[in-house]
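K.L.:
Sequence first, then the predicted structure, then my questions.
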Amino acid sequence: MRRFVAQLHARGLAPRSLASLLSAWRGLFRWLARHRGYKANPVEGVRSPKPAKRLPKALSVEQVQRLLQAAPGDAPLLARDRAMFELLYSSGLRLAELVALDAGDGRLDLREGEVTVTGKGSKTRTVPVGARARDALGAWIAVRAQVAAAEEKALFVGARGRRIAPGVVERQLRAWGARQGVQGKLHPHMLRHSFASHVLQSSQDLRAVQEMLGHASISTTQVYTHLDYQSLAKVYDAAHPRARKK
């Protein structure tokens, strides 16, 4: 069984596919043991190869600038979208943290330039809010009453005036990116990854990035050092006289 798994892997079958195949085989031999008298399951203890760890996808600085450089209109919902996307990138918030924000509860302090959110494990953290995000948030707060339902607490609301749903944020970001000419499938977490990658590239302070992202373990944050290495590798390949084959 191990030899067969190794042969399939050598032929290019992905680790996830091998894991599914092994699971099916285990189920088959359990059934044979129960109904046909098989005394052993030859698949027990056979493991599939570990899948390669996927690096989070991040936008380049130029792509973020293109995405956020100008609002495609001045309608209240467009002001909302710009404020959401600026805040996601400025402060590295998770999507759930963004939609959970309430208006007027003191957690978003534009004067001090900071926002307090509660993330995974009910852990609360306070992170900075940049000048561009503060401007965008101020513009949205000024017109929020035109959209929000009476007594609605949510900072960001949907077209019906209630707290915006995560799926709406995702759809709006994809539509916004298409209008701004940013290629690829965008999702809100990509702005968080971009925030972490860009801050780490500039500061080289892994602990600070860990605190701002709200990671419980530094090992979770270390994945962004690989993103930084990728960008350095591209510079090396383009600049070093003996990096490329002639």
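P.N.:
Ah, there it is.
K.L.:
secondary structure element for the nearest residue in space to residue 182 that is not next to it in sequence?
P.N.:
Of all residues not flanking residue 182 in the chain, residue 67 sits nearest, at 5.0 Å (CB to CB, 6 or more residues apart in numbering). Yep, even glycine has a C-beta here, placed from its N, CA and C like the rest. Per DSSP states H and E, residue 67 falls inside helix 61-68.
K.L.:
How about that helix, which residues are buried there?
P.N.:
For helix 61-68, the neighbour count (16 or more other CB atoms under 10 Å) marks 63, 64, 66, 67, 68 as buried.
K.L.:
In three-state terms, label the residue most central in space within the chain for me.
P.N.:
Of all residues in the chain, the one closest to the mean position by CA atoms, centre = their mean is residue 189, 2.2 Å from it. When classified by DSSP: H, G, I helix; E, B strand; the rest coil, residue 189 comes out as helix.
K.L.:
which non-adjacent residue is nearest it?
P.N.:
Residue 189's closest residue in space is residue 95 (CB to CB, 6+ apart), at 6.5 Å.
K.L.:
Now do the same contact list for the one you found.
P.N.:
By CB atoms under 8 Å, 6 or more residues apart in numbering, residue 95 lies in contact with 88, 166, 169, 170, 188, 189.
K.L.:
Only the buried subset of those, as a ChimeraX command please.
P.N.:
Only the buried members of the contacts of residue 95 enter the following ChimeraX selection, criterion being 16+ other CB under 10 Å:
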select :88,169,188,189
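K.L.:
can I get the contacts of residue 95 in CSV with distance to residue 107 and pLDDT?
P.N.:
Below are the contacts of residue 95 laid out as CSV (distance: CB to CB, whole Å; pLDDT from 0 to 100):
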residue, distance to residue 107, pLDDT
88, 16, 92
166, 19, 96
169, 18, 96
170, 23, 95
188, 19, 91
189, 21, 86
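K.L.:
ok, so of the contacts of residue 95, who is nearest residue 23?
P.N.:
residue 189 (28.6 Å; CB to CB).
K.L.:
Phi, psi for the closest residue in space to residue 1 that isn't next to it in sequence please.
P.N.:
Leaving aside its sequence neighbours, residue 1 sits nearest to residue 46 (CB to CB, 6+ apart; 4.9 Å). When quoted as degrees, to the nearest 10, the phi and psi of residue 46 stand at phi -90, psi 120.
K.L.:
Mind splitting this structure into its structural domains?
P.N.:
Using automatic domain parsing, the domain ranges for the chain come out as 1-52, 61-233.
K.L.:
Tell me which of these is the most buried.
P.N.:
For the domains of the chain, average neighbour numbers computed from mean count of other CB atoms under 10 Å are highest in domain 61-233, which has a mean of 17.
K.L.:
pLDDT of the helix holding residue 67, averaged?
P.N.:
Helix 61-68 shows a mean pLDDT of 88.
K.L.:
Need the contact partners of it.
P.N.:
Against helix 61-68 from outside (CB under 8 Å, 6+ apart): 59, 82, 85-86, 89, 132, 176-177, 180-182, 186, 191, 194, 198.
K.L.:
what's the distance between the residue nearest to residue 182 and residue 198?
P.N.:
Going from residue 67 to residue 198 by CB to CB, to the nearest Å gives 13 Å.
K.L.:
Also residue 115?
P.N.:
Taken as CB to CB, the span from residue 115 to residue 198 is 18 Å.
K.L.:
same thing with residue 99?
P.N.:
According to CB to CB, residue 99 stands 23 Å off from residue 198.
K.L.:
cool, residue 174 as well?
P.N.:
Separation of residue 174 from residue 198 (CB to CB): 21 Å.
K.L.:
Residue 147 now?
P.N.:
Taking CB to CB, one finds residue 147 at 31 Å from residue 198.
K.L.:
Ok, residue 91 next?
P.N.:
Using CB to CB, residue 91 is found at 13 Å from residue 198.
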